[in-house]
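*Asks:* Could you work out the structure for the sequence below:
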Amino acid sequence: MGYKIYNFSPFDLTGNPKLTKSAFLPESKALVTSQTFTSRFWKDLWFNFASSQEIQNFLNLTLSYNLKKEIHTRNLVMKKGGSPKFVYTHLVMPHFPYYFDSIGNKTKLASTIDENRENKNSYTSYLK
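*Replies:* Sure thing, here's the model as predicted:
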């Protein structure tokens, strides 16, 4: 039907590969190795052994990916063009980690640790 497809998701679409990198989902050959002991260790326990600075760097990187995708999406949607477009964007929001509170303030590093994943107040505050 003449749609131009823009894929800002972590998933490849047939004929439209993802345009952005995912910090959370395994890439290419990592799909095969993601369930090995070493990969599971790093995925599930890394936060317990990483320094506060390493955790902060990781969180900043994932937030940066999110913000870039949001900016690209907003710019694309606002751009007038001749053909119709389909923009598929997948943001790591409101998924854990909860980067912001209900009024847009950055949360403290402690609230982004895995033990806070099930905190309903943090989730609903981030969702708002």
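*Asks:* Quick one: distance of the lengthiest helix in the chain to the chain centre.
*Replies:* Secondary structure of the chain per DSSP state H: the longest helix is helix 52-78. Mean C-alpha position of helix 52-78 versus that of the full chain (CA atoms, centre = their mean, to the nearest Å) differs by 7 Å.
*Asks:* Likewise for stretch 69-82?
*Replies:* Put simply, stretch 69-82 sits 19 Å off its chain's centre (CA atoms, centre = their mean).
*Asks:* Now the longest helix of the chain: buried residues?
*Replies:* The neighbour-count check on helix 52-78 (16 or more other CB atoms under 10 Å) flags 55, 58, 59, 62, 63, 65, 66, 69, 72, 73 as buried. Where C-beta positions appear, they are placed from N, C-alpha and C, glycine not excepted.
*Asks:* pLDDT score for the fourth one?
*Replies:* By that I understand residue 62. Looking at residue 62, its pLDDT reads 82.
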